[in-house]
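**Student:** Any chance you can model this:
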Amino acid sequence: MNTKTTLIVLLTVLAAIGTIQTAKAASITTASPDKTSYLAGQTGYILVTIYNDENEKIRVTELSATVSYYYTDGNLYIQKFFTSDTLPNEILEGESETYQIPISIPTNLAHGYTNPRIEAITEIWRPQDGRWNTSDRPTYNNLKLYIETPYRQMYETSQQALTEQTNTMNLLSIATVIFATAAGFLLFLVFRKPKPIAQA
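**Tutor:** Numbering: from 1, shown residues only. Prediction:
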């Protein structure tokens, strides 16, 4: 066998061994936002559930959400958010853990949908070695966030101001009625004619 054929066979065997040794230790089963839609400048969070489908415990060493936005001027902006939970965090075999990733929506965004990429980095426990080994990087790409139009934001702000104005007017009206009633009663007491005293 010549050297070239031997090299090809060796590379094929190494690739096959590498594929066999690569274990899928985790999968992101769900990812969901805390709101159905967001306004520019709002904060929120994404709940992410990771499932351990290995025969050994795993640990999550990193969890992030990468979000691409378009500004109203058309420029693309990419932001990466990390979980607020303490990592690394272990997940026993056959179990799931849910984590929270806080997000903060920038201002001056174009409205519409964005598709965050959720990614975790995991390690798997190898009892034969007595140590953690690098495992896989499960991802989740089926999440959609909706950014509301700025006109909706302006509408909601104006509605809130109108509600506050109406409440203030109602309070003033009630105070005026109470004051007028009290003033009328006092005037009645001051200007009423005393009854004549009956003489014996």
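**Student:** what about the nearest residue to N142 once chain neighbours are set aside, neighbour count?
**Tutor:** Nearest residue to N142, sequence neighbours excluded (C-beta to C-beta, 6 or more residues apart in numbering): A31, at 7.5 Å. Where C-beta positions appear, they are placed from N, C-alpha and C, glycine not excepted. A count of neighbours around A31, defined by other C-beta atoms under 10 Å, yields 21.
**Student:** ok, longest strand in this structure?
**Tutor:** strand 58-70 (DSSP state E).
**Student:** Can you point out the buried residues in whatever helix or strand comes next after that one?
**Tutor:** Following strand 58-70 in sequence order, the next helix or strand is strand 76-82 (DSSP states H and E). By neighbour count on 16 or more other C-beta atoms under 10 Å, the buried set for strand 76-82 is F81.
**Student:** For strand 76-82, what is the distance to the chain centroid?
**Tutor:** Mean-position distance between strand 76-82 and its chain equals 13 Å (C-alpha atoms, centre = their mean, to the nearest Å).
**Student:** Please find the angle between the direction vectors of that strand and strand 58-70.
**Tutor:** In terms of direction (axes from the mean of the first three to the mean of the last three C-alpha atoms, to 10 degrees), strand 76-82 departs from strand 58-70 by 160 degrees.
**Student:** Can we start the residue count at 201 from this point?
**Tutor:** OK, 201 is where the count begins now, so the last one is strand 276-282.
**Student:** contacts for the strand or helix carrying the residue nearest to N342?
**Tutor:** Element membership for A231, per DSSP H and E: strand 226-233. Identification of contacts with strand 226-233 by C-beta atoms under 8 Å, 6 or more residues apart in numbering yields 244-254, 258, 260, 265, 291, 296, 303, 316, 318, 320, 322, 335-336, 338-340, 342-343, 345.
**Student:** before we move on, what about stretch 373-382?
**Tutor:** Counting by C-beta under 8 Å, 6+ apart, no residue outside stretch 373-382 touches it.
**Student:** Off-centre distance for that stretch?
**Tutor:** 48 Å.
**Student:** Tell me, domain by domain, which residues of this protein belong where.
**Tutor:** Domain segmentation of the chain under automatic domain parsing yields 223-348, 350-388.
**Student:** So for the longest one, mean pLDDT?
**Tutor:** In other words, domain 223-348. Across domain 223-348, the average pLDDT comes to 91.
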